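1. Next one to model:
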Amino acid sequence: MTPLILLAAEKKSAEVTDWAARIGWLVGLVLLVALVYWLMREGWKWRGTLQGDLPELPSAPEEPGPAKLSMSGRYHGSTTAGQWLDRIVAHGLGTRSRVELTLTEAGLDVVRPGASDFFVPAAQLREARLDKGIAGKVLTEGGLLVVTWAHGDRLIDSGFRSDRAAEHNEWVATLNQMINKTEGAR
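-> Predicted structure coming up:
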């Protein structure tokens, strides 16, 4: 045989995959992701425990009256008023979901499929404004309808985004007009 053929015959390929090491890394990564998820879940539950002093959310009255405005969109969560990163998770207020908002003379009815509904009586409404963010969601300037309301001894900001963002200005104007009228009657 020629020396060139002997060299080719003696060469072996290196083993391509070390399956034991690969499986070990994969198991370690899965355990790390599971640990991070568990820690996040425990933090969420702890935040809910700390906010346990928040009273139960009111439900809509039997006869709220005719709708002044209605809107379909997204509920992005609630925070302590003026602190856009201090999310409130007690009573499901931290759960993002679809939303159907209805404003009547009685107040603001928040219907959330898959999450607990709540009602904000007109006397508890404090302010409506356009903003760009609330805990967990940042949009363009004025892309979020934020409604400030009193619940127990707290002021709460709740963030909503309509499917038709052009509706936000009408909501702000109508809510603030209704709030001013209610404050004048007090």
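2. Please make it C-alpha for all contacts and neighbour counts, starting now.
-> Noted.
3. For the protein, which segments are assigned as helices?
-> For the chain, the helices defined by DSSP state H cover 3-10, 19-50, 168-185.
4. Could you tell me the least trusted of the ones you listed?
-> Lowest mean pLDDT of those: helix 3-10, a mean of 56.
5. Between the helices of the chain, which one is closest to Ser70.
-> helix 168-185 (9.0 Å; CA to CA).
6. Show residues contacting that closest one.
-> Identification of contacts with helix 168-185 by CA atoms under 8 Å, 6 or more residues apart in numbering yields 69, 122-123, 125-130, 144-145, 161-162.
7. In CSV, list the C-alpha atoms belonging to it.
-> Output in CSV follows, covering the C-alpha atoms of helix 168-185 (Å, rounded to 0.1, in the frame of the first residue of the first chain):
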residue,chain,number,x,y,z
HIS,A,168,-59.3,57.7,24.6
ASN,A,169,-59.8,61.5,24.4
GLU,A,170,-63.6,61.2,24.6
TRP,A,171,-63.2,59.0,27.7
VAL,A,172,-60.9,61.4,29.4
ALA,A,173,-63.2,64.3,28.7
THR,A,174,-66.4,62.5,29.8
LEU,A,175,-64.9,61.0,32.9
ASN,A,176,-63.3,64.3,34.1
GLN,A,177,-66.6,66.1,33.4
MET,A,178,-68.5,63.5,35.4
ILE,A,179,-65.9,63.7,38.3
ASN,A,180,-66.1,67.5,38.4
LYS,A,181,-69.9,67.3,38.5
THR,A,182,-69.8,64.7,41.3
GLU,A,183,-67.3,66.7,43.3
GLY,A,184,-69.5,69.8,43.0
ALA,A,185,-72.4,67.9,44.4
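8. Mind listing what's buried along that helix?
-> Buried residues in helix 168-185, defined by neighbour count with 16 or more other CA atoms under 10 Å: His168, Trp171, Val172, Thr174, Leu175, Asn176, Met178, Ile179, Thr182.
9. one step back: could I get the helices of the chain as JSON lines with distance to Ser116?
-> Below are these laid out as JSON lines (distance: least, CA to CA, whole Å):
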{"stretch": "helix 3-10", "distance to Ser116": "72"}
{"stretch": "helix 19-50", "distance to Ser116": "15"}
{"stretch": "helix 168-185", "distance to Ser116": "22"}
